[in-house]
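>>> pasting a predicted model and its sequence here:
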Amino acid sequence: MAVLQIPDRYIPGLQLIATLDKKVVESVLKAVAESKPSLKNKEIATEVSKVVQEIDPQNVYQIILALASIYDLREYTQYDNDKLSEDLSESIITDLEDLSFEQQQQLKELIFKALNLYFISYRNPGNTDAPDKAVWLKISNYEGEKIPAYSFDYQKVRDVELRLKNQIENSLKNFSIENQKSVFEFLKENKILISLLDESLLKIKEIFNASIQELCLDLHEDPEEDIITLFLIVKTNLLPKDGLYRLERLENDWLLDKVPPEILSIFSVTIESV
């Protein structure tokens with residue numbers, strides 16, 4: 001369950017970080033880090049736009065606004081970078097579900113990189129106003145200028161849980177599953193796999209085409225390594241050597257290149273000739 005909720009006004013900036021060319025966003029981060037500490041966010045955007053001309057100045061401002069809010073949230077909660085990145089990752093999956101798996105990974109990586117740069121947080125301690133923090137922290141019935149003691153908005157928590165349930169069910173309907181409950185619970189614990197399954201489905205259909213007879217999901221536990229892995233099994237009418245050739249294409253063109261190693265330890269694609 002996501003602890004944080006992304007305020008609507010910062011979603012455009014986060015979507016830009018996720019979808020723009022990674023090197024261009026990194027250039028924005030570098031330019032912001034090198035800008036004058038005395039500048040305000042709009043002034044920073046103006047200065048950065050002079051250096052990074054590949055992005056519209058308004059989009060630069062949206063990125064800076066989103067990052068400034070995250071910095072201010074860190075100052076308020078006293079989260080360390082690892083903790084904040086972890087909680088933000090959960091929110092990215094639930095609040096930005098339209099992003100592809102690769103885009104989610106890029107957003108998480110660049111936010112973590114931004115959090116480790118010394119900028120924004122010391123410039124404008126009041127950058128994010130109290131109502132924004134109330135949204136970030138899911139505080140209900142907020143009124144006034146100061147944030148009350150931390151508390152969950154249980155209705156929003158239930159809404160998030162329902163949305164997550166629907167996400168998982170929509171993904172699973174594309175597969176044959178022997179132990180539906182176990183797979184469902186595994187995806188709840190490893191939410192990053194939800195978007196990966198959706199993207200895997202597209203890539204597999206692209207490479208295996210009409211040879212696909214059935215797509216299955218199965219959990220395998222390795223007691224020696226204490227690891228549980230979700231296997232996506234492509235049942236195909238191809239000859240074994242042809243099936244392996246296409247599996248190698250899938251791995252080389254996408255899986256091994258785009259999916260982080262730590263994810264591949266709990267997710268794997270295999271084939272079965274039928």
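On my side now, so go ahead.
>>> which SS state does Lys235 fall under?
For Lys235, the secondary-structure state derived from DSSP: H, G, I helix; E, B strand; the rest coil is strand.
>>> what count of nearby residues applies to it?
17 (other CB atoms under 10 Å). Quick note: C-beta positions are derived from backbone N, CA and C, even for glycine.
>>> quick one: residues contacting it.
Contact partners of Lys235, counting by CB atoms under 8 Å, 6 or more residues apart in numbering, are 212-216, 271-274.
>>> name the helices or strands packed onto the helix or strand containing Ile63?
For Ile63, the element it lies in under DSSP states H and E is helix 57-77. Packing partners of helix 57-77 (3 or more CB pairs under 8 Å, 6 or more residues apart in numbering; DSSP states H and E): helix 11-19, helix 22-33, helix 41-51, helix 81-95, helix 101-115, helix 130-136.
>>> could you tell me the angle between that helix and helix 101-115?
Interaxial angle of helix 57-77 relative to helix 101-115 (axes from the mean of the first three to the mean of the last three CA atoms, to 10 degrees): 60 degrees.
>>> how is the chain carved up into domains?
Domain assignment for the chain by automatic domain parsing gives 8-152, 165-273.
>>> ok, back up a step: show me how far the helix holding Ile63 is from its chain's centre.
Relative to the centre of its chain, helix 57-77 is centred 17 Å away, using CA atoms, centre = their mean, to the nearest Å.
>>> what's the mean pLDDT across that helix?
Averaging pLDDT along helix 57-77 gives 84.
>>> where does the stretch 101-250 of the chain dip in pLDDT?
The stretch 101-250 of the chain contains residues with pLDDT under 70 at 118-161.
>>> where along it do the helices fall?
Using DSSP state H, counting those that start in this stretch, the helices of the stretch 101-250 of the chain run over 101-115, 130-136, 154-172, 180-189, 192-208, 240-250.
>>> in this protein, which residue is closest to the centre?
Gln104 (3.2 Å; CA atoms, centre = their mean).
>>> what sits closest to it if chain neighbours are left out?
In space, and not counting its chain neighbours, Gln104 is closest to Ile92: 5.5 Å by CB to CB, 6 or more residues apart in numbering.
>>> check Asp218 too.
Phe231 (4.9 Å).
>>> quick check: the gap between that neighbour and Glu109.
Per CB to CB, to the nearest Å, Phe231 is found 26 Å from Glu109.
>>> those two: which has the busier surroundings?
Glu109 (16 against 13).
>>> residues touching the more buried one, list them.
Taking CB under 8 Å, 6+ apart, one finds nothing in contact with Glu109.
>>> could you measure from it over to Ser200?
20 Å.
>>> helix/strand/coil for Asp98?
Applying three-state DSSP to Asp98 yields a three-state assignment of coil.
>>> quick check: chain neighbours aside, which residue is closest to Ser171?
Spatial nearest neighbour of Ser171, excluding adjacent residues (CB to CB, 6+ apart): Leu197 at 4.8 Å.
>>> what about the one you found, how many neighbours?
By other CB under 10 Å, neighbour count at Leu197 equals 22.
>>> circling back to that earlier point, just the domains of the chain: most buried one?
Among the domains of the chain, the stretch with the highest mean neighbour count (mean count of other CB atoms under 10 Å) is domain 8-152, at a mean of 17.
>>> distance between that domain and the chain's centre?
Centre-to-centre, domain 8-152 and its host chain are 14 Å apart (CA atoms, centre = their mean).
>>> my guess is Ser200 meets Val269, correct?
Yes - using CB atoms under 8 Å, Ser200 is in contact with Val269, at 6.6 Å.
>>> quick check: neighbours shared by these two?
Residues touching both Ser200 and Val269 by CB under 8 Å, 6+ apart: 232, 255.
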